[in-house]
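Asks: sequence first, then the predicted structure:
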Amino acid sequence: MTDTEFIEAFRAYNENIFNFLCLRVHSREIAQDLTQEVYIKLWDNKAKYDPNKASIRTWLFKIARNHLIDHFRKNKNSFANISTESELLEEIYDDETTEKDLDIQYVLKKLYELEPEEQNLIILKYIEDLSNAEIAEIVDKNVVATKVAIHRAMKKLKRIINMSQSENEKILKYK
């Protein structure tokens, strides 16, 4: 990877990497630090980049995912203390939030009830809009296993959302 390719990768994917990390750590400040560290790792390892193995985008998300795993290992309590009322959702919400935005916030809250790897798969597929092949490369699985894992994660997320909605309906019914 040349210096020019590094700069282009930064410009093209910095926001995507930050969003991916922010959705996982629920803190803009920590996500900013992690994003910076991801680009330092990219810079330090740019000579190892092989365009025949993966696109820069895929390689960068793989670095981000692995760095995120390292972050959670070092800070074991940080994941346990994450609340569903995350800083991220507070940042998104304002007085002019539409009903659609509230639905997105609700889905994000329910997303955090999934296992970390399931969260990664859904974020990479539906928020970062990566292909199954790119995600498979990032998570070190084959494409079929990745597709199945994404399907199962989405099925589980839908089940969590449907359970919550039926609980809310029961509460409203008895009021």
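Replies: Nice, I can see it. Numbering: from 1, shown residues only.
Asks: what is the neighbour count of residue 32?
Replies: 13 (other C-beta atoms under 10 Å). All C-beta spots, glycine's among them, are computed from the backbone N, C-alpha and C.
Asks: now do the contacts for it.
Replies: Contacts for residue 32 (C-beta atoms under 8 Å, 6 or more residues apart in numbering) come out as residue 18.
Asks: state the mean pLDDT of the strand or helix carrying it.
Replies: Element membership for residue 32, per DSSP states H and E: helix 28-44. Taken as a whole, helix 28-44 has an average pLDDT of 92.
Asks: by contact count, what packs against the helix or strand that that helix is followed by?
Replies: As assigned by DSSP H and E, the chain's next helix or strand after helix 28-44 is helix 56-74. Secondary-structure packing of helix 56-74 (3 or more C-beta pairs under 8 Å, 6 or more residues apart in numbering; DSSP states H and E): helix 3-25, helix 28-44, helix 76-80, helix 116-122, helix 132-139.
Asks: flag every buried residue along helix 56-74.
Replies: Judged by neighbour count (16 or more other C-beta atoms under 10 Å), helix 56-74 contains these buried residues: 56-65, 67-68, 71-72.
Asks: how about those residues in a markdown table, adding distance to residue 22?
Replies: Output for the buried residues of helix 56-74, formatted as a markdown table (distance: C-beta to C-beta, whole Å):
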| residue | distance to residue 22 |
| --- | --- |
| 56 | 21 |
| 57 | 18 |
| 58 | 20 |
| 59 | 20 |
| 60 | 16 |
| 61 | 14 |
| 62 | 18 |
| 63 | 16 |
| 64 | 11 |
| 65 | 14 |
| 67 | 14 |
| 68 | 11 |
| 71 | 13 |
| 72 | 14 |
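Asks: out of the residues you listed, which one sits closest to residue 20?
Replies: Residue 20 lies nearest to residue 64 out of the buried residues of helix 56-74, by C-beta to C-beta, at 6.0 Å.
Asks: who's in contact with that closest one?
Replies: If you count contacts by C-beta under 8 Å, 6+ apart, residue 64 has them with 17, 20, 21, 34, 35, 38.
Asks: can you pull out the low-pLDDT segments for the chain?
Replies: 76-105, 164-175 (pLDDT under 70).
Asks: possible to save the helices and strands packed on helix 56-74 as CSV with distance to residue 161?
Replies: Formatted as CSV, the helices and strands packed on helix 56-74 follow (distance: least, C-beta to C-beta, whole Å):
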stretch, distance to residue 161
helix 3-25, 17
helix 28-44, 25
helix 76-80, 22
helix 116-122, 12
helix 132-139, 22
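Asks: pick the most buried one from those helices.
Replies: helix 132-139 (a mean of 21; mean count of other C-beta atoms under 10 Å).
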